[in-house]
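S.K.: Make a model of this:
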Amino acid sequence: MKPVRIDIGVFAHDEAAGIGAMAARLLAQDLAGLDARILVLANGCRDATAALARAAGVEVAELPEGGKSRTWNRFVHELSRPDADALLFVDADLEFSATDTLQRLARGLLARPELWVLNSQPIKDIVARPEGLSALDKVIAAASGGLDDWKTAICGQLYAMPAARARTLHLPIGLPVEDGFLRAMVLTDALVNGEDFTRIDGLDGLSHLYASERGIRALIRHQTRIVLGSAINAAAFAALRELPAAERLPELARAAAQDGWLANVVRARLPRLPFGYVPFHFLFKRLSRAMGRWRETLRPKRLLVTVVGFGFDAVVYVLAQWRMARGSGVGFW
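M.R.: Below is the predicted model:
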């Protein structure tokens, strides 16, 4: 019996400072019994990411144009091996929780034929290593994990897909939040059917660490990207839903080949009354969830986190509206 073939795409944009250490972590992974290929996707880099990755002993694809959704398309449809069984999507700045993380992720996916996506659980480094945190870091750590269920979302930092299923999809170029867009396409067959949550899961006991944003400016920038991306995704979904069902997947392929597709969709659909560029939902999402578990929210520590979090969300909401009005939403990173 031939071994399972997995291609591991490592998304790297200007990661020279850490790519050597990441390459060492990748090469230390236990991939025994798998026909595994590691490919660093050095996209739009202005530094020595590609050269340093090669020097560390991993294969590199140098892609002049950056952007995660564009790079996702290149990896899935051009750079991965045609006979790969599974594709693993890995951010270049994370840490694996165990030496068999990638092995377990690949085998866990292929053991469940109904799955389209299997996630690793994301854990902030400041949660895993709480020693010596500042007051701000403690607030960030306390709020960690409060908004998303990692088993029903797609964590863009580390997940796996069957290669054949990934290749049925394309992503529009310039998505600020490509994993949210991909999730919608996976769950609904490109918005043709209702959401089927049996297609996405997380593997219990499997996790990875990622570097938390530290400092107010970094937090605001990160969350602004999330809000912008969600608003842009909503506009793209609306454009796709207007097409006959049979034309939606071909339209995605066209969107993946045209730099201006997403910007044209946004210009045609936003702003809209009464909310402008960003729906009110993104301002009140945290409060809505807090109200749904009001007994827990009334505890002093959780109440403080909720109040501070809403103030933060309000600043992000206004900033996202401003950036969208300036036309700097598509491709924002």
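
S.K.: From now on I want contacts and neighbour counts done on CA atoms only, so please keep to that.
M.R.: Will do.

S.K.: any idea how far the closest residue to residue 75 other than its chain neighbours lies from residue 90?
M.R.: For residue 75, the nearest residue in space outside its immediate sequence neighbours is residue 9; the separation is 6.8 Å by CA to CA, 6 or more residues apart in numbering. Computed with CA to CA, to the nearest Å, the distance linking residue 9 and residue 90 is 6 Å.

S.K.: More neighbours: which of those two?
M.R.: For residue 9 versus residue 90, the count of surrounding residues by other CA atoms under 10 Å is larger for residue 9: 26 against 21.

S.K.: From residue 74, how far out is the more buried one?
M.R.: Here residue 9 is placed at a distance of 10 Å from residue 74 (CA to CA).

S.K.: Helix or strand next in line after the worst-scoring helix or strand of the chain on mean pLDDT, which one?
M.R.: Using mean pLDDT, DSSP states H and E, helix 135-143 stands out as the lowest-scoring helix or strand of the chain, at a mean of 62. Tracing the chain past helix 135-143, the next element assigned as helix or strand by DSSP states H and E is strand 158-162.

S.K.: about what we covered before: give me the next element, helix or strand, following the host helix or strand of the residue nearest to residue 75.
M.R.: Per DSSP H and E: residue 9 is located in strand 4-12. The C-terminal neighbour of strand 4-12 among helices and strands, as given by DSSP H and E, is helix 19-27.

S.K.: partner strands of whichever helix or strand comes after that next one, parallel or antiparallel?
M.R.: Per DSSP H and E, the first helix or strand lying C-terminal to helix 19-27 is strand 34-43. Taking DSSP bridges as the criterion, strand 34-43 forms sheet pairs with strand 4-12 (parallel), strand 59-63 (parallel).

S.K.: Check whether residue 31 really touches residue 103, as I assumed.
M.R.: Yes - applying CA atoms under 8 Å as the test, residue 31 and residue 103 come out as touching, 5.5 Å apart.

S.K.: Show the residue spans covered by the helices in this structure.
M.R.: 19-27, 49-55, 68-74, 101-110, 125-128, 135-143, 163-166, 178-188, 216-241, 248-255, 261-269, 281-292, 294-297, 300-325 (DSSP state H).

S.K.: per-stretch mean pLDDT over those, give me the minimum one.
M.R.: Of all the helices of the chain, mean pLDDT reaches its minimum on helix 135-143 (a mean of 62).

S.K.: centroid residue for this structure?
M.R.: In the chain, the C-alpha closest to the average C-alpha coordinate belongs to residue 156, at a distance of 2.6 Å (CA atoms, centre = their mean).

S.K.: contacting residues for the closest residue to residue 36 other than its chain neighbours?
M.R.: Leaving out its chain neighbours, the residue that sits closest to residue 36 by CA to CA, 6+ apart is residue 6, at 4.9 Å. In this structure, residue 6 makes contact with 34, 35, 36, 37, 84, 85, 86, 87, 88, 106, judged by CA atoms under 8 Å, 6 or more residues apart in numbering.

S.K.: Please identify which of the residues you listed is nearest to residue 209.
M.R.: When these are compared for distance to residue 209 (CA to CA), residue 88 comes out closest, at 16.5 Å.

S.K.: show me what contacts that closest one?
M.R.: By CA under 8 Å, 6+ apart, residue 88 lies in contact with 6, 7, 8, 9, 102, 106, 158, 159, 160, 161.

S.K.: Per-residue pLDDT of it, please?
M.R.: The per-residue pLDDT of residue 88 was computed as 98.
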